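Engineer: take a look and give me a structure for this.
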Amino acid sequence: MLTYQEEYFIDVMGECGDLIVSHWKDIALDQDDIKLNPDWDKYRDLADAGVLKITTAREKGNLVGYSVHLVSSNLHYKDLLMADGDIFWLAKPHRKGLAGLKLLKAAEANLRKLGVQKIFNKVKLHKDVGVIFERLGYTPIERVYAKGIV
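Structural biologist: As a prediction, this is how the structure comes out:
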């Protein structure tokens, strides 16, 4: 049975390594050209500033998933407190039943307690799990384009 809770990112950082590598291997494009190298110092700074929020999924105390958001006012609408999804992940053995939905709902509840009014989450087109967000009431609003220029 999984449990879902808000945690302080700095307390969780040391446990994230293996999950982040699995996450990257599963969904990242350009793995031969762009190596995984999280900026842990920046994550720490954002957590210390109260901007970075993480909701975790645990099984018997072991980290098996996370939903990470950056919480701030919006540059275009300064009265809007928003949460911008950084990453979300649930280890493959735990992707059954409603576990993923429960993780995302727990993240929403934690963000709501902070006064967040709008949540933005992104999905990869090549691993599109948008149906999960739509089931939770999200509406697709943008498409993001990327181009390497080096």
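
Engineer: buried residues in the longest strand seen in the chain, which are they?
Structural biologist: In the chain, with assignment by DSSP state E, the single longest strand is strand 62-73. Across strand 62-73, burial judged by 16 or more other CB atoms under 10 Å covers Leu63, Val64, Gly65, Tyr66, Ser67, Val68, His69, Val71, Ser72. (C-beta placed from N, C-alpha, C; glycine too.)

Engineer: nearest to Asp84 among these?
Structural biologist: Nearest to Asp84 among the buried residues of strand 62-73 is His69, at 6.3 Å by CB to CB.

Engineer: for the protein, which segments are assigned as strands?
Structural biologist: According to DSSP E, the strands that the chain contains are 2-7, 52-59, 62-73, 81-90, 118-120.

Engineer: tell me the helices and strands packed up against the longest one.
Structural biologist: By that I understand strand 62-73. helix 9-27, strand 52-59, strand 81-90, helix 99-113 (3 or more CB pairs under 8 Å, 6 or more residues apart in numbering; DSSP states H and E).

Engineer: need those in CSV with distance to Tyr138, can you?
Structural biologist: Formatted as CSV, the helices and strands packed on strand 62-73 follow (distance: least, CB to CB, whole Å):
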stretch, distance to Tyr138
helix 9-27, 19
strand 52-59, 16
strand 81-90, 10
helix 99-113, 9
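
Engineer: hang on, the earlier thing: ok, which of the strands of the chain comes nearest His126?
Structural biologist: strand 81-90 (15.7 Å).

Engineer: fine by me, thanks again.
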